[in-house]
Every structure is written in C-alpha cells, then in structure tokens.
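Participant: requesting a structural model of the entry that follows:
(one chain, ligands or ions: 1)
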Amino acid sequence: MLIQKPKGTYDLLPEKARQRYFLEKRVREIFNIYNYSEIRTPTFEKTELFKRGIGEETDIVSKEMYTFKDNEFTLKPEMTAPVIRAYIENNLGNESPLQKLFYICNMFRRERPQAGRFREFSQFGAEAIGSSDPYIDAEMIILADSIIRSFGIEDSVIKINTIGTAAERETFFREFKGYLSGFLKELSADSQRRYVINPLRILDSKVQGDLEILRDAPVLYNFLNDETKRNFQSILDILTQSGIEFETDNRLVRGFDYYTSTTFEFVSEALGAQNALLGGGRYDMLVQQLGGKPTPAIGFAAGIERLLMVMEAKKLLPDSDDNLKLFIVSMNKECKKFSFKLADRLRKQGVKCETDFLGRSLKAQMKEANRSNSEYVIVIGDEELKNGTANLKRMSDGTEIRMNDFDNIKNYLFK
Ligand code: AMP
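Facilitator: Numbers count the residues shown, from 1 in each chain. This next block holds a predicted model:
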C-alpha cells in the first residue's frame with residue numbers, strides 16, 4: 001500500500017517552496033532593518049520547558065503536544081519558551097540589556113487539522129527581552145504590521161488588549177466565576193472545563209451561547225490598576241502617533257498562560273474560521289518562571305501558511321522569474337560530451353543552464369527547452385563542434401545570434 005504523509009502535514013512542492021523562500025527572505029530583511037537578530041534552537045526540548053513555560057492547563061500542553069514515548073522530550077509547539085530557555089542558558093542578558101531576536105521555524109501541535117490549521121506548521125516571530133518600555137510594545141506591533149504590509153496585505157485588522165498581571169486578575173476571577181456560576185449548565189463543554197482550570201480562556205469562546213452569557217459578564221479591564229491602564233494608554237497613543245490603525249478588544253486573551261498586560265492579534269477576513277494571522281503579547285513573568293532573573297519581555301508569532309493563504313486569495317504571490325538562461329541540446333553522444341562540459345563551465349560562471357540527461361530526440365529536447373521557459377536554446381551538432389560556431393536562439397521571439405566563440409558564450413547570453 002502507498003505510504004502517505006502524516007495527517008495534518010503537507011509537502012511543499014517546488015512552486016510552493018519557491019514562494020516560501022520569497023516570503024522568508026523578505027521577512028528576514030525586515031527583521032534585520034528593525035535590528036532583530038536570528039536565533040535557532042533545537043526542534044525538541046525537555047517536556048518540562050513547555051509545561052512550565054506555556055502552562056499545564058492550556059490546550060497546547062494538555063492536549064496537543066508531540067511528546068516522545070520516554071516522556072522526556074517534546075517537539076516544540078511554539079518558540080517563546082525555547083527562546084527564553086536559550087536566553088537564560090546562554091546568559092544573553094549579560095551581553096546586552098535588550099535582546100531583540102527573531103526566528104523562522106516549524107512547530108508541532110496535535111490539533112484537529114482543517115483549512116489553515118496543521119499539525120506541523122511554520123511561524124516567524126520576534127522576541128524583545130529586557131525592556132518594559134511602552135515604545136517596545138509599539139515597536140513590536142509596528143514591526144509585525146510592516147511585515148504584513150510589505151506583502152501587499154492592507155486590510156488585516158489589529159486587535160489589542162491588556163490583561164494585566166496575575167495579581168490584578170485574581171479579583172477579576174472571583175467576580176467573573178461568581179457571575180458565571182449562575183450559568184454553568186448553559187456554558188459550552190469547553191467553557192465548563194475552563195471554568196475550573198483556566199477561566200480567562202472562556203473570554204476566547206466563539207460559541208454563540210457563551211457569547212450571550214459573556215455579554216453581561218464583569219469586564220477584566222475594570223479590575224486592572226491605574227498603572228496598567230496608563231501604560232496601555234501610552235502604547236495606544238504611540239501607535240496612533242505612528243499612524244497604526246487598531247481596535248481595542250477587551251475579550252482578547254491568548255492561548256498561553258505566560259501573557260501579562262499587552263496582548264494583540266492580527267486577523268484577516270480572507271482566512272475564514274481560522275482568521276488569526278499573527279498573535280503576540282507581553283510576558284513579563286516568563287524569564288523568572290523558567291529560572292532567570294526577573295526580566296520583562298514581549299513578542300509575536302505569525303503563521304506562514306496563513307500568510308501565504310491570504311496572499312494567494314488576494315493574488316499577491318509573485319510569478320517565478322528564475323528561469324533557465326540556456327538549454328543546451330545535443331544531437332548525439334559525442335555532442336553530449338561537449339554539451340555537458342559547456343554546461344559545467346557556464347554553471348561555474350554563475351549561469352543557470354540545463355542539458356539533456358534522458359537521451360531524448362532533438363524534437364523532445366526542444367520541447368523540454370520550451371517547457372522549462374529557457375531564455376535561450378543552443379543546438380550542438382557535429383557541424384557546430386567542427387566549426388566552433390553555433391546559433392543562440394532566443395525563445396521569446398525566435399531571433400538567432402551567430403556565436404563563434406564557445407569560451408565566451410556567457411558574453412553572448414548577457415548582451
Ligand atoms: P500562537 O503561537 O498560537 O499564538 O499562534 C500564532 C500564529 O501561528 C497564529 O496566528 C496562526 O497564524 C499560526 N498558527 C497557530 N497554530 C497553527 C496551526 N496549527 N496551523 C497553522 N498555523 C497556526
């Protein structure tokens with residue numbers, strides 16, 4: 001029986017892999033302009049890192065982790081905890097009081113696959129570790145916005161909220177749970193479970209019945225202290241001054257326990273049900289929680305598949321412009337020897353070219369040259385070998401250039 005790829009994974013065939021390369025290259029360029037440096041960490045980490053970092057009661061840790069049978073290691077479901085682990089382990093805080101890091105890599109979550117939701121997927125993201133300045137919150141959102149806009153996506157909506165500190169949330173939870181206790185039986189099964197283990201996440205429910213109950217629920221923002229509110233307002237002011245349009249959404253909480261104060265998300269209509277393109281927030285307790293010194297930090301992660309889906313829907317993906325410069329056709333075995341050497345020489349001079357490896361007829365080789373969109377084609381026959389001359393044919397208009405110096409063929413190709 002044919003062996004198929006695991007559920008929730010996909011193959012990136014050449015055309016898609018090329019688009020992916022284009023996207024990653026641009027993302028790197030923008031991270032570099034904002035002075036973020038790349039970090040790479042192992043594909044798997046100690047399971048404990050995610051339990052302690054993300055939180056045991058989150059969906060990701062409780063239901064979706066790919067943990068090896070021996071239970072010690074887990075394929076990374078997200079990158080913030082690994083980055084912070086590396087930050088602490090390598091004493092990056094001593095090197096510079098503010099570390100601005102970015103990553104582009106694959107993540108693994110055993111979720112129910114659907115459009116825009118995979119079990120192995122790719123994210124790019126950034127973490128700024130060491131500053132609690134509202135300007136760095138703003139920079140993070142502006143950076144994410146710059147990347148999204150650089151791909152021509154103008155209509156993604158930025159949602160922003162503040163969820164305060166754990167201490168501020170305590171009083172809210174008491175009131176919130178008190179309110180919800182009157183509706184427990186009417187809440188969705190997920191929200192009932194969360195009521196016990198992670199009530200904040202009930203705010204994230206998309207179930208209609210839950211939404212109606214939540215309409216009159218106490219609002220977290222009203223339980224935050226003045227400093228948190230002032231800080232949040234500063235971030236909003238900086239964003240406004242920077243010309244960023246956003247919506248505040250006092251129910252925006254995210255799927256990880258480590259978030260404190262600022263949370264944000266970019267959503268796109270083009271995505272359907274899984275409409276989140278990018279999400280992030282501040283996580284001022286995480287470094288300490290993972291054994292480092294108390295260090296404020298903020299970051300975001302964006303889904304690469306989702307970004308490409310939006311670009312595809314909006315026809316923003318570029319066509320390939322990386323065609324062959326030359327296809328070398330050989331009339332017979334003797335000529336093939338010459339063609340192979342010619343291709344080798346040209347490639348060493350940086351010219352993208354191809355020749356035949358299937359013993360095809362002249363006609364079939366010409367057809368292949370056409371199919372591959374080669375800019376030029378050259379036919380090497382006995383005559384050409386004897387005289388040291390050949391015709392370079394430009395495929396777009398059929399014009400031919402007489403060429404009498406194989407050593408300098410590159411000059412003819414780039415005239
Ligand atoms: P998160 O790490 O959950 O905050 O997600 C950040 C972004 O990663 C989301 O906004 C999505 O674009 C993307 N993402 C998260 N989970 C998946 C998944 N299972 N498949 C594809 N993209 C995902």
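Participant: how long is stretch 389-405 end to end?
Facilitator: 7 Å (Cα to Cα, to the nearest Å).
Participant: that one: how far from the chain's middle?
Facilitator: 44 Å (Cα atoms, centre = their mean, to the nearest Å).
Participant: so which bits of it are buried?
Facilitator: Residues of stretch 389-405 classed as buried by neighbour count (16 or more other Cβ atoms under 10 Å): Ala390, Leu392, Lys393, Met395, Met403. From N, CA and C alone the C-beta is placed, and that goes for glycine too.
Participant: before we move on, what about stretch 155-168?
Facilitator: Ser156, Ile158, Lys159, Ile160, Asn161, Thr162, Ile163, Gly164, Thr165, Glu168.
Participant: equivalent analysis for stretch 68-82, please.
Facilitator: Phe73, Thr74, Leu75, Lys76, Pro77, Glu78, Met79, Thr80, Ala81, Pro82.
Participant: verify the stated contact: Ile153 with Lys315.
Facilitator: No: Ile153 lies out of contact with Lys315 (Cβ atoms under 8 Å); the separation is 11.7 Å.
Participant: give me the nearest residue to Asp217, chain neighbours excluded.
Facilitator: Residue 217: Ala, not Asp. Using Cβ to Cβ, 6 or more residues apart in numbering and skipping the chain neighbours, the partner closest in space to Ala217 is Tyr179 (5.3 Å).
Participant: starting at the chain centroid, how far to the host helix or strand of the one you found?
Facilitator: Using DSSP states H and E, Tyr179 sits within helix 166-181. Remark: helix 166-181 is offset 35 Å from the chain centroid, using Cα atoms, centre = their mean.
Participant: next, the buried residues of it.
Facilitator: Applying 16+ other Cβ under 10 Å to helix 166-181 flags Glu168, Arg169, Phe172, Phe176, Leu180 as buried.
Participant: following element in sequence after that helix, please.
Facilitator: Helices and strands here follow DSSP H and E; after helix 166-181, the next one along the chain is helix 189-197.
Participant: which SSE is immediately downstream of that following helix?
Facilitator: Downstream of helix 189-197, the next assigned helix or strand under DSSP H and E is helix 208-215.
Participant: so which bits of that following helix are buried?
Facilitator: Result for helix 208-215 [16+ other Cβ under 10 Å]: buried residues Asp210, Ile213, Leu214.
Participant: check contacts around the first one.
Facilitator: Under the criterion of Cβ atoms under 8 Å, 6 or more residues apart in numbering, the contact list for Asp210 reads Leu187, Ser188, Ser191, Ile202.
Participant: hmm, 6 Å instead?
Facilitator: Leu187, Ser188, Ser191 (Cβ atoms under 6 Å, 6 or more residues apart in numbering).
Participant: circling back: tell me the one of the buried residues of stretch 389-405 nearest the ligand?
Facilitator: Taking Cβ to the nearest ligand atom as the measure, the ligand lies nearest Met395 of the buried residues of stretch 389-405, at 40.1 Å.
Participant: before I go, just wanted to say thanks for your time.
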